[in-house]
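Visitor: Sequence first, predicted coordinates after that:
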Amino acid sequence: MALVEVKVPDIGDFDEVAVIELLVKVGDTVKAEQSLITVESDKASMEIPSSTAGVVKELRVKLGDKVKEGSVVLVVEAAGAAAAAAAVASALPAAAAAPVAVVAPAAAPTASGLIEIHVPDIGDFKDVAVIEVFVKPGDTIKVEQSLITVESDKASMEIPSSHAGVLKELKVKVGDKVNIGDLLAILEGSVAVATAAVAAPVAAAVAAAPAAVSAPTAVAVAAAVVAAPAHAPGASTLGLPHASPSVRKFARELGVPLEEVKGQGPKGRITQDDVQAFTKAVMSGATQTKAQAAKAPAGGGDGAGLGLIPWPKVDFAKFGPIERKEMGRIKKISGANLLRNAVMIPAVTNHDDADITDLEAFRVSTNKENEKSGVKVTMLAFLIKACVAALKKYPEFNSSLDGDALVYKNYWHIGFAADTPNGLMVPVIRDCDKKGVLQISQEMSELAKKARDGKLGPAEMTGATFTISSLGGIGGKYFTPIINAPEVAILGVCKSTMEPVWDGKAFQPRLMLPLSLTWDHRVIDGAAAARFNAFLGQILSDFRRVLL
């Protein structure tokens with residue numbers, strides 16, 4: 001073990017430069033070439049790397065200090081080869097540390113190896129859900145290429161790759177929950193050993209070093225004296241935000257567009273805290289990146305994309321008092337989907353009534369018998385089971401368009417619209433064909449509560465093959481629900497009412513349930529829709545038909 005002073009190397013024709021960032025603290029373990037501080041002149045900024053590896057025992061500089069070549073930055077406790085390399089570095093003649101012109105590095109020699117990609121710091125968010133996976137094993141991945149999308153309860157964010165290579169293994173899937181530091185993927189890539197920019201000083205260092213010092217050690221020592229300018233304040237031709245290389249790397253790892261971050265440091269400099277604050281703001285929904293804003297529909301939609309006349313611009317305050325409230329994120333997202341579905345799907349709606357008099361009596365008696373279980377059976381649970389039977393008899397209603405092909409699904413996942421304080425959400429009950437009415441009622445109650453509490457995960461809102469939109473006991477008679485693409489049909493249900501029904505001899509009081517079936521005319525024709533509604537009504541009037 002040895003205490004080694006790490007000094008400022010030759011940084012060119014600068015007498016004294018200011019310390020504007022401290023990248024390590026006492027107790028940190030640093031690697032050779034790891035950046036320790038950032039210094040800035042009136043023309044450029046650069047990071048000062050460590051010439052040796054070890055544990056930081058003492059920090060000799062603070063923010064605002066002026067340093068120059070030879071100034072002691074810190075003291076590290078080095079061991080083994082690191083200590084030997086440090087001794088060699090201090091013994092190198094001045095010629096070995098001559099100023100080096102900073103140029104774009106040529107292709108670096110590489111060594112193949114497995115690289116682990118982890119979730120970077122995305123702010124104070126725990127257990128964010130994976131809602132999209134963009135890559136698969138065997139894909140060639142580029143640096144900063146998006147791998148997955150994660151979503152908090154307020155925003156979504158793409159996680160890019162910090163390295164390039166071939167994807168060997170993907171450690172997450174849609175629906176998984178991830179946190180900072182979780183392993184995302186394993187790449188087989190190339191790890192840079194040295195760059196052409198340090199070739200000349202390396203040669204000088206090796207020539208001056210004792211024969212016992214290996215070439216890689218000399219490379220590490222020589223590379224430690226080179227630091228590329230991160231930014232030239234006032235040089236607008238560079239078009240770069242005012243930030244150090246380490247902050248740029250940090251922003252790249254998070255996929256943060258640095259040009260959109262407002263720096264709070266000296267002279268508007270962007271710090272790591274600024275990048276973190278920007279990330280938290282995006283994830284919380286408080287702000288949007290330009291890319292997100294470009295994807296979002298314009299407020300109200302101007303109709304230009306459809307060749308329509310522009311949306312009217314009105315100063316409503318001219319006519320009286322107003323109050324302006326921004327739409328919630330859920331309404332913005334659902335609004336865009338609804339507009340697309342309403343415009344692109346040639347939808348037709350059939351209206352019908354189902355006699356649920358006997359089924360309602362059975363539902364009431366079932367709830368009395370199961371009162372102690374705590375599970376309350378709703379009419380919607382019976383309706384879900386009835387729809388599964390109808391979907392099996394008419395499978396085109398359980399399909400989706402895929403180009404010129406029709407995909408028939410051999411699973412029956414039913415979505416149901418849930419009204420929440422934040423807007424309409426559609427939880428999905430999976431494998432309804434394998435579950436009884438009691439289990440469906442229990443799952444429906446749990447999912448509806450999670451939706452109201454804002455705790456519904458993306459995986460719990462995807463995969464539906466058919467959706468039911470029920471207005472329950474609110475009121476109304478019929479309506480035309482909008483199909484939830486890529487599904488091809490949706491059932492709307494209103495409040496049941498007692499009505500006189502002719503039985504051939506007299507009018508009898510019967511409880512009638514209004515049904516509104518909307519269907520995609522590209523897939524379904526009118527006759528099939530009429531048969532589906534009629535069959536559904538038969539099941540609801542005599543639920544024993546579900547067993548047939």
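Guide: Perfect, thanks for sending it.

Visitor: Tell me the spacing between the residue lying closest to Ile474 once chain neighbours are set aside and Lys332.
Guide: Once flanking residues are discounted, Ile474 sits nearest to Lys495: 6.5 Å by Cβ to Cβ, 6 or more residues apart in numbering. No exception for glycine: its C-beta is placed from N, CA and C like everyone else's. According to Cβ to Cβ, to the nearest Å, Lys495 stands 30 Å off from Lys332.

Visitor: before we move on, what about Pro9?
Guide: From Pro9 over to Lys332 (counting by Cβ to Cβ), the distance is 52 Å.

Visitor: So which of those two has more stuff around it?
Guide: Using other Cβ atoms under 10 Å as the criterion, Pro9 and Lys332 rank with Pro9 on top: 21 against 15.

Visitor: secondary structure class for the more buried one?
Guide: coil (DSSP: H, G, I helix; E, B strand; the rest coil).

Visitor: ok, longest strand in the chain?
Guide: strand 507-520 (DSSP state E).

Visitor: can you pull out the strands in the stretch 201-350 of the chain?
Guide: 347-355 (DSSP state E, counting those that start in this stretch).

Visitor: ok, back up a step: right, and the residue nearest to Ile474 touches Ser470 too?
Guide: No: with contact defined as Cβ atoms under 8 Å, Lys495 does not count as touching Ser470 (9.4 Å).

Visitor: And these two? Which one has more around it.
Guide: Ser470 (21 against 14).

Visitor: quick one: the more buried one from Leu513, how far?
Guide: Ser470 is 10 Å from Leu513, where distance means Cβ to Cβ.

Visitor: from memory Leu167 sits against Asp139, does it?
Guide: Yes: counting by Cβ under 8 Å, Leu167 touches Asp139, with 4.8 Å between them.

Visitor: These two: who's more crowded?
Guide: Taking other Cβ under 10 Å, Leu167 and Asp139 do not tie; Leu167 has more neighbours (20 against 15).

Visitor: Can you tell me how far Val523 is from Tyr394?
Guide: 11 Å.

Visitor: before we move on, what SS does Ala485 have?
Guide: coil.

Visitor: Now do the nearest residue to it once chain neighbours are set aside, the pLDDT please.
Guide: Spatially, and ignoring its direct neighbours in sequence, Ala485 is nearest to Asn341 (4.9 Å; Cβ to Cβ, 6+ apart). Asn341 is assigned 92 on the pLDDT scale.

Visitor: quick one, what contacts Asn341?
Guide: Shown in contact with Asn341 (Cβ atoms under 8 Å, 6 or more residues apart in numbering): Ile482, Ile483, Asn484, Ala485.

Visitor: which regions of the stretch 151-300 of the chain lie under the pLDDT threshold?
Guide: Within the stretch 151-300 of the chain, the stretches with pLDDT under 70 are 152-156, 190-240, 245, 267, 284-285, 292-300.

Visitor: same thing but at 90, please
Guide: Along the stretch 151-300 of the chain, the model assigns pLDDT under 90 to residues 151-164, 174-175, 179-181, 188-260, 262-300.

Visitor: For Ile20, see how far away the residue nearest to Val67 when sequence neighbours are not counted is.
Guide: Using Cβ to Cβ, 6+ apart and skipping the chain neighbours, the partner closest in space to Val67 is Val8 (5.2 Å). Applying Cβ to Cβ, the value for Val8 to Ile20 is 14 Å.

Visitor: cool, Met344 as well?
Guide: Where Ile20 is concerned, Met344 sits at a distance of 53 Å (Cβ to Cβ).

Visitor: neighbour count winner among these two?
Guide: Between Met344 and Ile20, counted using other Cβ under 10 Å, Ile20 has the larger neighbour count: 19 against 12.

Visitor: Enumerate every residue touching that one.
Guide: Ile20 sits in contact with Thr38, Val39, Glu40, Ser45, Leu63, Ser244, Gly265, Pro266, Arg269, where contact means Cβ under 8 Å, 6+ apart.

Visitor: sorry, back to before: in PyMOL, how would I select the buried members of the contacts of Asn341?
Guide: Buried subset of the contacts of Asn341, written as a PyMOL selection, criterion 16 or more other Cβ atoms under 10 Å:
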select buried, resi 482+483+484
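
Visitor: can the contacts of Asn341 go into TSV with extra columns for pLDDT and distance to Leu438?
Guide: Listed next are the contacts of Asn341 as TSV, based on pLDDT from 0 to 100; distance: Cβ to Cβ, whole Å:
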residue	pLDDT	distance to Leu438
Ile482	95	31
Ile483	96	30
Asn484	93	26
Ala485	93	32
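
Visitor: can you pull the buried residues of stretch 516-528?
Guide: The neighbour-count criterion (16+ other Cβ under 10 Å) identifies Ser516, Leu517, Thr518, Trp519, Asp520, Val523, Ile524 as the buried residues of stretch 516-528.
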